[in-house]
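Asker: Give me a 3D structure for the following:
(one chain, ligands or ions: 3)
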Amino acid sequence: MLTDDFGREVTGVRVSLTDRCNFDCVYCHNEGLGDTRGPMDPQDDEMSTDDVVRFLEVAAEFDVDAVKFTGGEPMLRQDLEEIIERTPDSMEVSLTTNGTFLPGRAPDLVDAGLERVNVSQDALDPQDFAEITKSGAYEKVLEGVEAALEAGLDPVKLNMVVFEHTAGYVPEMVDHVAENDGLRLQLIEYMPELTGKPEWNIDIQRVHDWLAEQADEIEHREMHDRKRYWVGGTSDDDGGMVEIVDPVENPTFCANCHRVRVTHEGYLKGCLNRNDDLKSMGEMSKPEIREAFREVVENRVPYYGEYMIQNGDGEWELNDEYLEVEPPAD
Ligand SMILES: Nc1nc2c(ncn2[C@@H]2O[C@H](COP(=O)(O)OP(=O)(O)OP(=O)(O)O)[C@@H](O)[C@H]2O)c(=O)[nH]1
Ligand code: SF4
Ligand code: SF4
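Answerer: Numbers count the residues shown, from 1 in each chain. Ligands and ions are numbered 1, 2, ... in the order given. Predicted coordinates:
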């Protein structure tokens, strides 16, 4: 297993399979690379099936035991089932998708080895959904969630980015997952440093406070220092689970970050928010990929907390003194 200089073991990889998407969400960060607008057809710069599998085989050698496939929209890749099928058996396989292509394909993905799915669903109202995603696929997404549950994917996590356009839907979405078995809600703090529009930001602490009042049980997840609220019951008793992903200004979020990323073009990437450490795997052989993977892990640095600071204009800047700060405890 590889460990970075901050004591963070790398146990997971997030592999973006394409930067294409049939949505154009107003908050999209596209794994830190920018927007997803562009052609819908397969692109030459995307990693081939063999490239993805070769990388995963190397990651498995380093005891990486989980892979999440992301995008863009990863289900635009017609070889997704094959990729999952060929993923090393030692890895848990999950997928983050907008859900529109799950109807019809969910059973095949499960047969191939998919274990979990996260589906973006920001509102329970077709009109607001259309405004946020710039798509009219609201019904298709609901069908996708249903198809995932029917195919045996349990739980299905609904990803909701909490910002000005969606904050009003939080109580409704919480009720929705509390009332529907198999669903969980994941509330994601809006990241203005990746997406712009700081005016859309809302104070995520207010959501924490509100949930703490509603919750029958509160858990703490080590990864990203995430809080989990059980609502309408406990974890043992039919409750609905709501998890908050709140990186911004959270000094401990990055301390337990155990993931390395791969862009759709086959670049290794140590952190969602950084593009200054990209390493192309291009035509690399397996030994070369091993070396590149080691190097990217060596260069990983926690991002939120003391790594970035805000200047007088509220803009985020590198904190040059960070590397002198004591690494977080393991
Ligand atoms: N800053 C930061 N944000 C992340 C990270 N991982 C996930 N996120 C945010 O959370 C969103 C949803 O993540 P998902 O792809 O659904 O996966 P996840 O919730 O992190 O993973 P699981 O709980 O294992 O399913 C992402 O689009 C990011 O905005 C991370 O490592 N760093
Ligand atoms: S569905 Fe996901 S990848 Fe597509 S535009 Fe929305 S946030 Fe971006
Ligand atoms: S922002 Fe923090 S948690 Fe997210 S990828 Fe970078 S180091 Fe990991």
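Asker: Every contact and neighbour count from this point should use C-alpha atoms.
Answerer: Noted.
Asker: Quick check: the gap between the residue nearest to Trp200 when sequence neighbours are not counted and Pro198.
Answerer: Excluding the flanking residues, the one nearest Trp200 by CA to CA, 6 or more residues apart in numbering is Glu164, at 4.9 Å. Going from Glu164 to Pro198 by CA to CA, to the nearest Å gives 10 Å.
Asker: Arg20 too?
Answerer: Arg20 is 25 Å from Pro198, by CA to CA.
Asker: what do you get for Met223?
Answerer: Distance from Met223 to Pro198, by CA to CA: 26 Å.
Asker: Counting neighbours, what do you get for the residue nearest to Trp200?
Answerer: Counted with other CA atoms under 10 Å, residues neighbouring Glu164 total 13.
Asker: you'd agree it is in a strand?
Answerer: No - checked against DSSP: H, G, I helix; E, B strand; the rest coil, Glu164 lies outside a strand; its state is coil.
Asker: For it, give me its contacts.
Answerer: 200-202 (CA atoms under 8 Å, 6 or more residues apart in numbering).
Asker: which of those count as buried?
Answerer: Buried by 16 or more other CA atoms under 10 Å: 201-202, out of those.
Asker: Turn the contacts of Glu164 into CSV, including distance to ligand 3 and pLDDT.
Answerer: As requested, the contacts of Glu164 are exported to CSV (distance: CA to the nearest ligand atom, whole Å; pLDDT from 0 to 100):
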residue, distance to ligand 3, pLDDT
Trp200, 20, 88
Asn201, 18, 87
Ile202, 19, 89
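Asker: now, which of the contacts of Glu164 lie within strands?
Answerer: Nothing among the contacts of Glu164 maps onto strands, per DSSP state E.
Asker: Mind putting the contacts of Glu164 into TSV with distance to ligand 2?
Answerer: Putting the contacts of Glu164 into TSV (distance: CA to the nearest ligand atom, whole Å) gives the following:
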residue	distance to ligand 2
Trp200	16
Asn201	16
Ile202	18
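Asker: Can you tell me which of the contacts of Glu164 is nearest Asn275?
Answerer: Nearest to Asn275 among the contacts of Glu164: Asn201, at 23.4 Å, using CA to CA.
Asker: how near is Asn299 to Arg105?
Answerer: From Asn299 over to Arg105 the distance is 38 Å, taken as CA to CA.
Asker: now Arg116
Answerer: Taking CA to CA as the measure, Arg116 and Arg105 are separated by 14 Å.
Asker: ok, the two, which is more surrounded?
Answerer: Higher neighbour count among Arg116 and Arg105: Arg116, with 19 against 15, using other CA under 10 Å.
Asker: show me what contacts the more buried one?
Answerer: Counted by CA under 8 Å, 6+ apart, Arg116 has contacts 93-95, 153-156.
Asker: again, 6 Å this time
Answerer: By CA atoms under 6 Å, 6 or more residues apart in numbering, the contact set of Arg116 is 94, 153.
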